[in-house]
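Enquirer: Provided below are the primary sequence and the corresponding predicted coordinates.
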2 protein chains.
Amino acid sequence: MGRVSDARERLIDAANELTGKLGYSAVTVDAICEHAGVKKGSFYHYFESKAALSKAAIEEWWETNSRPILDTAFSVSNPPLERLRLYFDGLYQRMVDRKLRGERVIGCLVFSVAMEGSGVDREVEEAIQRVLKRKRHYFEVAIRDAAEAGQVHVPDVEAAVQAAYSLFEGATARARIQNDPEPIVGMYEQVLRLLGAEQPAERKRA
Amino acid sequence: MGRVSDARERLIDAANELTGKLGYSAVTVDAICEHAGVKKGSFYHYFESKAALSKAAIEEWWETNSRPILDTAFSVSNPPLERLRLYFDGLYQRMVDRKLRGERVIGCLVFSVAMEGSGVDREVEEAIQRVLKRKRHYFEVAIRDAAEAGQVHVPDVEAAVQAAYSLFEGATARARIQNDPEPIVGMYEQVLRLLGAEQPAERKRA
DNA sequence: CTTGAATTTGACTAAATGGTCAACTATACT
DNA sequence: AGTATAGTTGACCATTTAGTCAAATTCAAG
C-alpha cells in the first residue's frame, strides 16, 4: 500500500554519476539530491547515511553495469583470449562514446573510489574490495583457461594474471586521468605478449 | 629581517602526508594545520588558499621526493633495463618499509590525486598532469635506450612503452588499494616479457 | 471512497568548512 | 638597543555540510 516511487533509484544513479566525475569525498548529499530531483528529507527516508547510499550505489553499479558487461565478454562460450579482447574492445567503445557525447571518461568507478583510500567509510571500502576481487576473478579464469588450452607460454601463470590485471587497471586509470581512451588501444596485443600468446595478425615464426 | 620559520615546510609536509592517506578532497585545512602544529591564521599567511598549498605541496613532493628517486634509478650510468629494475626494487622496498612501520602503503601521491578527477581545483590538476608526464618520460627514455641497444624485441616500441607504464601504474595503484606491496613483486620480469627482453635467470632458448 | 502505509516536503540544527583580520610577538639587521 | 619586518595568534565570519523531524501528501488496496 501507499504510493510508489523511483526516488531510490534516482538517488543511486545520481550518486554514481557524480562520484564518477568528482570522486567519493567531493560528492555531497545536497548535490546528489539536487541531481536526482529529490529533497533531502526523502534522501534520509531511503538511506540512513551518505555511506549507506554509497554502498548501495556501488552494489547496484556492480550488478547492473559492471557484472553484465563482464558476464557477456567473459562468457565461457567465447575462446579464453577472445574474452579479453571482447572486454577491452567494449571498454574502449564505451569510453569513446562518452567522449563523443561530451562527457568525462570515467574508467572504473570502484577502482577510482578505492584509490581515495582511508578517505571513504569502512562499509563502502569493504563493498569496493569485494567488487574488485570479483572483477579480477574474471581475468584469472580466462587466463587460466587459455593456459590450459596451451595458448599461454609463461613460466608463472599466476604472476602473468596479476600483471595482465595490473596493466588493464593501469591503462583504465590513465584513460580516466587523461580523459581520453587512448591508453586502451593496443592493450590486447600487449596483454598477449605478456601472456606469451601468439599475436593474431603476425607472421608465424620461421 | 624579521623572524624565520619552517611553518611553510611543515604545512607542505602535513598536506602530503594527509593527502596520501585520505585523498585530496577528504583533507581539510584544519586537519593540515593541526597536523603541522600551525594556526590557521599562519596557514593563510603562507598560502592564499587550500588549492595554492596543494599545488605547492605537489611540486615540493616532486622535487624532493619523486624526482631524486627517479634520477638515481634512471641514471644514464645504469644499463637501460637495469634502470627499471632499480626503480621497481626501490619502490617495493619503500612500500615494505612503510608497512613494517605500520603506516599505509601510499603508491604514487599524484597518481592517486589525479584519479579524483574533476574533484580537484584546476591549478592543482595542471600541476599533477605536468608531474605525471615527466614521470612517464623516464620510462620512455629508458625503454627507447634499451631498444637502441637491441634489448627490446617488439613490433611497436612506443606501444610497449605505454603498456609498461600502464602496468607499473596499475600495480602501484593496486598496492595502494590493497595496502600491500605484493602487486609490485615480479613486476620487473613481467615488464621484460612485455618488452620482449631476455629474462635474466632463465635458460637461453634451445 | 475510505484508509493507512509509503512517500514527500521544507524548515531546522549542529558541526565543519574555507577563509579573514587586526593585534601581537619575536628577531635579524643596522 | 631600536626598529622594521616576518611570523603568530585567536577570535570571527559566511557557507556548506550531514543529518533530523513533524506535518503534509499521495495513492494502492479493501
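Expert: It's in.
Enquirer: and the nearest residue to A:Ser75 once chain neighbours are set aside, how many residues sit next to it?
Expert: Once flanking residues are discounted, A:Ser75 sits nearest to A:Arg83: 7.2 Å by C-beta to C-beta, 6 or more residues apart in numbering or on different chains. To be clear about C-beta, it is placed using only N, CA and C from the backbone, and glycine gets the same treatment. Look at A:Arg83: counted by other C-beta atoms under 10 Å in any protein chain shown, it has 24 neighbours.
Enquirer: for stretch A:27-41, buried residues please.
Expert: A:27, A:29, A:32-33, A:35-36, A:38 (16 or more other C-beta atoms under 10 Å in any protein chain shown).
Enquirer: out of these, who's near DNA strand D?
Expert: Among the buried residues of stretch A:27-41, proximity to DNA strand D is found for A:27, A:29 (C-beta under 7 Å from any atom of the strand).
Enquirer: can you put the buried residues of stretch A:27-41 in CSV and add pLDDT?
Expert: As requested, the buried residues of stretch A:27-41 are exported to CSV (pLDDT from 0 to 100):
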residue, pLDDT
A:Val27, 97
A:Val29, 98
A:Ile32, 98
A:Cys33, 98
A:His35, 97
A:Ala36, 97
A:Val38, 97
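Enquirer: which ones, among the buried residues of stretch A:27-41, also lie beside chain B?
Expert: Among these, the ones lying near chain B by C-beta under 8 Å from any C-beta of the partner chain are A:Val27.
Enquirer: can you put the buried residues of stretch A:27-41 in TSV and add distance to DNA strand C and secondary structure?
Expert: Output for the buried residues of stretch A:27-41, formatted as TSV (distance: C-beta to the nearest atom of the strand, whole Å; DSSP: H, G, I helix; E, B strand; the rest coil):
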residue	distance to DNA strand C	secondary structure
A:Val27	14	coil
A:Val29	11	helix
A:Ile32	14	helix
A:Cys33	9	helix
A:His35	14	helix
A:Ala36	10	helix
A:Val38	6	coil
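Enquirer: export whichever helix or strand the residue nearest to A:Ser75 is part of to CSV, keeping only CA atoms.
Expert: Secondary-structure assignment from DSSP states H and E places A:Arg83 in helix A:80-100. Extracted as CSV, the C-alpha positions of helix A:80-100 are listed here (Å, rounded to 0.1, in the frame of the first residue of the first chain):
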residue,chain,number,x,y,z
PRO,A,80,39.6,-17.7,-23.5
LEU,A,81,41.8,-15.0,-25.0
GLU,A,82,38.9,-13.7,-27.1
ARG,A,83,37.1,-12.9,-23.9
LEU,A,84,39.8,-10.4,-23.0
ARG,A,85,39.7,-8.9,-26.5
LEU,A,86,35.9,-8.5,-26.3
TYR,A,87,36.1,-6.9,-22.9
PHE,A,88,38.8,-4.4,-23.9
ASP,A,89,37.0,-3.6,-27.1
GLY,A,90,33.8,-2.9,-25.2
LEU,A,91,35.5,-0.8,-22.6
TYR,A,92,37.2,1.2,-25.3
GLN,A,93,33.9,1.7,-27.2
ARG,A,94,32.1,2.9,-24.1
MET,A,95,34.9,5.4,-23.4
VAL,A,96,34.8,6.7,-27.0
ASP,A,97,31.0,7.0,-26.8
ARG,A,98,31.3,9.1,-23.6
LYS,A,99,33.9,11.3,-25.1
LEU,A,100,31.8,11.9,-28.2
